[in-house]
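Visitor: coords below, sequence missing:
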Ligand code: ADP
Ligand code: ASP
Ligand code: MG
């Protein structure tokens, strides 16, 4: 069985949802759906207003969203009975959302609101499948998708509960919600923004799927960020490691965590375009042929921290003391560079920055720089490779560079720059490394 995931843009209009049905009609698969595009953003906006007790404003946005859904089903369902069922479903979910405009609003209510998008899209999709006589079973993600106390997926729980759900209802085609899950306490939770890709990968691993397909609005992983750079192109083959680096460092097409479960079981991932299903897209697998430069991506919201200390000179154990502080505050470090008297490192989570700063001060002089980006060049930079570094830095000759990490892996060179230079850097690398003038 395959796992086939469709993102929000693939469901943006009733016509696209019908196209999705056409793509999966003859498949033996678990189909994972995101919320219809824009919905999760709007639900987030509603939650933010409710935190601020701006109930009237929240109600206006809820009503607008409901109207959009009512218009959507007009285009989706021709059969009167199916339409009436869809109307009931929409009313039910929106009265649930509205119920949170009265009382105390906490993170639990927020997560319940955020879950409504995927619950709605899957329910409507199944009604459409029924209308066109395609038999399917709806697998409720809240019955099998769960994270543990460290907010990591509980793979044992997922596998066993999914197996049980699959036995309840027999079909060739199953539909389920991406993104949503339960916490270790059984409350509604989620796998973070863009998490439907992760749902698909986790299900793929749980059922040992033959492949995982991620369908979106572009024909696979491009060699550079298509939102920023013109003349990017789709990459036919990527290794799991290359894809993981690109996803982690900003290639939005894939949730960064979604590579690992597939890699563990050697399940290929295909990235496909719902709007142009005939295009090849990208296949992600264990190994690919050697090529010097594969792709470039960039991640914003980076903070660099520099610790200068005379005590580092000829000393051991200094780095451990630094890392220990970050570990205690559960703050991952992305890039690290050292000299004999200083260490610079980057983080993307500033929630404990103040406390980390206070503790680091006991180790040396600390300075902090925000609004940085990591530009990540992915390719094959084995220890025998000559000239790759030269080409990268020649391309970036007009960009001030804050930090560089080369040699950490054979697949990645990370360059930290101020975010205001990001576009220029991505374009320069496209011209310099991929000859895209
Ligand atoms: P979905 O709603 O299907 O999950 P996303 O918006 O999450 O879609 O991901 C697809 C988008 O990722 C594309 O529209 C594209 O703009 C963006 N993107 C960023 N970097 C890349 C890249 N290197 N290759 C392909 N797409 C990318
Ligand atoms: N609907 C969620 C989001 O917008 C999950 C996803 O699309 O993958 O983030
Ligand atoms: Mg996405």
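Guide: Thanks, I have the structure now. The model shown is predicted, which means the values in this text are computed figures rather than measured ones. Residues are numbered from 1 along each chain as shown. Ligands and ions are numbered 1, 2, ... in the order given.
Visitor: touching ligand 1 at all, the top helix by length along the chain?
Guide: Looking only at the chain and at elements set by DSSP state H, the helix with the highest residue count is helix 107-131. No - on the criterion Cβ under 6 Å from any ligand atom, helix 107-131 is out of touch with ligand 1, staying 11.4 Å away. Bear in mind the C-beta positions are built from the backbone N, C-alpha and C, glycine included.
Visitor: and the contacts of the next helix or strand along the chain from that helix?
Guide: The first helix or strand that comes after helix 107-131 along the chain, using DSSP states H and E, is strand 137-139. Contact partners of strand 137-139, identified using Cβ atoms under 8 Å, 6 or more residues apart in numbering, comprise 30, 122-123, 126, 162, 165-166, 168-171, 173-176.
Visitor: who touches residue 89 in this structure?
Guide: Contact partners of residue 89, counting by Cβ under 8 Å, 6+ apart, are 120, 123-124, 127.
Visitor: that's a strand at it, yeah?
Guide: No - counting by DSSP: H, G, I helix; E, B strand; the rest coil, residue 89 falls outside a strand, being helix.
Visitor: any idea how far residue 221 is from it?
Guide: 35 Å (Cβ to Cβ, to the nearest Å).
Visitor: likewise residue 310?
Guide: Spatial separation of residue 310 from residue 221 under the definition Cβ to Cβ is 46 Å.
Visitor: and the two? Which one has more around it.
Guide: Between residue 310 and residue 221, counted using other Cβ atoms under 10 Å, the more crowded position is residue 221 (28 against 10).
Visitor: now do that one, the pLDDT please.
Guide: According to the model's per-residue confidence, residue 221 sits at a pLDDT of 97.
Visitor: buried set for the helix or strand hosting residue 324?
Guide: Taking DSSP H and E as the definition, one finds residue 324 inside helix 318-328. Buried residues in helix 318-328, counting neighbours by 16 or more other Cβ atoms under 10 Å, are found at 318, 321-322, 325-326.
Visitor: setting the sequence-adjacent residues aside, check what's closest to the residue in the chain that ligand 3 sits nearest to.
Guide: Ranked by Cβ to the ion, the top residue of the chain for proximity to ligand 3 is residue 194, at 4.1 Å. Nearest residue to residue 194, sequence neighbours excluded (Cβ to Cβ, 6 or more residues apart in numbering): residue 255, at 4.5 Å.
Visitor: kindly report the same for residue 136.
Guide: The shortest distance from residue 136 to any residue other than its chain neighbours is 4.2 Å, reached at residue 173 (Cβ to Cβ, 6+ apart).
Visitor: tell me the contacts of that neighbour?
Guide: 24-25, 27-29, 31, 129, 134-137.
Visitor: ok, those vs ligand 2, which is closest?
Guide: When the contacts of residue 173 are compared for distance to ligand 2 (Cβ to the nearest ligand atom), residue 31 wins out at 13.9 Å.
Visitor: who's that closest one bridged to?
Guide: Using DSSP bridges, the bridge partners assigned to residue 31 are residue 4, residue 175.
Visitor: would you confirm that it contacts residue 172?
Guide: No - between residue 31 and residue 172 there is no contact under Cβ atoms under 8 Å: 10.9 Å.
Visitor: quick one, what contacts residue 355?
Guide: Counting by Cβ under 8 Å, 6+ apart, the residues that residue 355 touches are residue 329.
Visitor: roughly how far does it sit from ligand 1?
Guide: Plainly put, residue 355 is 33 Å away from ligand 1 if you go by Cβ to the nearest ligand atom, to the nearest Å.
Visitor: name the residues of the helix or strand hosting that residue that are buried.
Guide: Using DSSP H and E, the secondary-structure element containing residue 355 is helix 353-360. Residues of helix 353-360 classed as buried under the neighbour-count rule (16+ other Cβ under 10 Å) are 353, 356, 359-360.
Visitor: which of the contacts of residue 173 count as buried?
Guide: Burial of the contacts of residue 173 was assessed by neighbour count (16+ other Cβ under 10 Å); the buried members are 24, 29, 31, 129, 134, 136-137.
Visitor: who in the chain is up against ligand 3?
Guide: 7, 194 (Cβ under 5 Å from the ion).
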